[in-house]
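>>> Need a 3D model of the sequence below.
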Amino acid sequence: MLIQQAQEVERKVIAILRILSQTDEPLGARVISHKLKAQGIELSERAVRYHLKLMDERGFTESIGRDGRLITQPGLEELESALVSDKVGFVASKIELLAYQTEFDVHKRQGKVPVNISFFPARQFKKAMETMKGIFEAGICVSDLVAVARQGEELGGIVVPKGKIGLATVCSIIINGALLRCGVPMDSRFSGILQIKKHKPLRFVELIQYSGSSLDPSEIYITSKMTRVGQAAAEGEGRILANFREIPAACQPLAEKTVAQLEEAKLGGLLVMGDVSKPVCGVPVELNKVGMILIGGLNPVAAAVESGVEAQNHAMSTVLEYRDLIQFWEL
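Here you go, the predicted model:
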């Protein structure tokens, strides 16, 4: 019993640290309690203050008077290493939560859309934009709708750090969310590197299963420089970020209709929809299922990193209102 109680306290500490790690501004107990509730964690302001006091004593947080708390370097290190067993499958759960939070209505063309957030050094943002232009032109993206914020401003509740410029790109989970709203269940199985040959998808050369991962695969692929997105856009030969999903075969007609409606609203991401029970790009598909390959939303950012631009990525991180997005070309 005592062990279980200790683990539960530790989970709450990690949840608070995760919230504090997403901002450079001090946060108070009331704000933290509200953000925890949005994640399904019920913790009163009083309880949050209690945990923050313990975290101060452990050196994980720093009190900034009445403004609240900031996470410290030891706190960041604790967040990276603690409760690794709980992190297994974290990415799969994150996808499900973000799909649920997606409220975009394909008919009214309004509501919340899932996005990735990337931070670039202000001095390199122009170079990043020039590089990403070719990727958006080639259509190696979920959408050409984006949002930009300067230091101190917010993107979906995430504050842009000092000296950075934030860019929100639409995440492929928009398809998960849209299908969920119309009653189509989707199994998010893998994130991978897809080989492109003669401008067409050939095969997956790398795969990471969401249910067994504690880190976002796209961030790993980009950091490890395993992509060749710029080459794929310019020459039709390269390696891009892509995701593999499955839906019940009976839902295929409805899924096709919904994806078409998303594309009319400049929200896409579907690269390939396979045949019933047939492999797609080398990946086997379960019986009476249809495989789908979705383009990774961070492909433009991956191309920027390939060109030498620094980027700090938060894949599948939050949602933004559709009306707050603008076309990349307007930048």
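>>> Which single helix of this protein contains the most residues?
helix 2-21 (DSSP state H).
>>> Quick check: buried residues in the next helix-or-strand element following that one?
For helix 2-21, the following helix or strand on the C-terminal side (DSSP states H and E) is helix 29-38. Using 16 or more other CB atoms under 10 Å as the test for burial, helix 29-38 gives 29, 31, 32, 33, 35, 36. (Each C-beta comes from the backbone N, C-alpha and C, glycine too.)
>>> and the angle for helix 29-38 with helix 2-21?
Computed by axes from the mean of the first three to the mean of the last three CA atoms, to 10 degrees, the angle separating helix 29-38 from helix 2-21 equals 110 degrees.
>>> follow-up on the earlier one: list the buried residues in the longest helix of the chain.
12, 13, 14, 15, 16, 17, 19, 20.
>>> Just the closest of the buried residues of helix 29-38 to residue 327, please.
Nearest to residue 327, judged by CB to CB, of these is residue 35 at 30.5 Å.
>>> got a pLDDT number for the nearest residue to the closest one once chain neighbours are set aside?
In space, and not counting its chain neighbours, residue 35 is closest to residue 19: 5.0 Å by CB to CB, 6 or more residues apart in numbering. Note on residue 19: pLDDT of 90.
>>> From residue 13, how far off is residue 19?
11 Å (CB to CB, to the nearest Å).
>>> Can you give me every residue that contacts residue 205?
192, 193, 194, 195, 239 (CB atoms under 8 Å, 6 or more residues apart in numbering).
>>> Show the average pLDDT along the host helix or strand of it.
Using DSSP H and E, residue 205 maps to strand 200-209. In this model, strand 200-209 has an average pLDDT of 94.
>>> what pairs with it, and is each one parallel or antiparallel?
Using DSSP bridges, the strands paired with strand 200-209 are strand 187-197 (antiparallel).
>>> buried set for the strand it pairs with?
Buried residues in strand 187-197 (16+ other CB under 10 Å): 187, 188, 189, 190, 191, 192, 193, 194, 195, 196.
>>> now do stretch 144-151
144, 145, 146, 147, 148, 149.
>>> just stretch 288-298 next, same as before
289, 290, 291, 292, 293, 294, 295, 296, 297, 298.
>>> Give me the local confidence score for the first one.
The predicted structure scores residue 289 at 97 on the pLDDT scale.
>>> Wasn't residue 302 part of a strand?
No - counting by DSSP: H, G, I helix; E, B strand; the rest coil, residue 302 is not part of a strand but helix.
>>> Now for it, how many residues are close by?
With neighbours defined by other CB atoms under 10 Å, the count for residue 302 comes to 30.
>>> ok, now which ones touch the residue nearest to residue 35?
Applying CB under 8 Å, 6+ apart to residue 19 gives the contacts 27, 32, 35, 36.
>>> If the closest residue in space to residue 52 that isn't next to it in sequence is in a bridge, with which residues?
Spatial nearest neighbour of residue 52, excluding adjacent residues (CB to CB, 6+ apart): residue 69 at 5.6 Å. Per DSSP bridges, the residues bridged to residue 69 are residue 27, residue 63.
>>> Next up, the contacts around residue 69.
Contact analysis of residue 69 by CB under 8 Å, 6+ apart lists 20, 26, 27, 28, 52, 55, 56, 61, 62, 63.
>>> can you give me the strands for the chain?
Remark: strands assigned in the chain by DSSP state E are 61-63, 69-71, 112-121, 145-149, 154-155, 158-159, 164-170, 187-197, 200-209, 238-248, 270-276, 289-295, 312-321, 326-327.
>>> In JSON lines, list those along with distance to residue 128.
Converted to JSON lines, these look like this (distance: least, CB to CB, whole Å):
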{"stretch": "strand 61-63", "distance to residue 128": "32"}
{"stretch": "strand 69-71", "distance to residue 128": "27"}
{"stretch": "strand 112-121", "distance to residue 128": "5"}
{"stretch": "strand 145-149", "distance to residue 128": "11"}
{"stretch": "strand 154-155", "distance to residue 128": "16"}
{"stretch": "strand 158-159", "distance to residue 128": "18"}
{"stretch": "strand 164-170", "distance to residue 128": "8"}
{"stretch": "strand 187-197", "distance to residue 128": "21"}
{"stretch": "strand 200-209", "distance to residue 128": "24"}
{"stretch": "strand 238-248", "distance to residue 128": "16"}
{"stretch": "strand 270-276", "distance to residue 128": "24"}
{"stretch": "strand 289-295", "distance to residue 128": "19"}
{"stretch": "strand 312-321", "distance to residue 128": "12"}
{"stretch": "strand 326-327", "distance to residue 128": "17"}
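>>> I'd like to know which of those is closest to residue 304.
strand 112-121 (7.4 Å).
>>> what lines up beside the closest one in the sheet?
strand 164-170 (antiparallel), strand 312-321 (antiparallel).
>>> Could you say which of those strands is packed most deeply?
strand 164-170 (a mean of 25; mean count of other CB atoms under 10 Å).
>>> Quick check: bridge partners of residue 158?
Where residue 158 sits in a bridge, its partners, by DSSP bridges, are residue 155.
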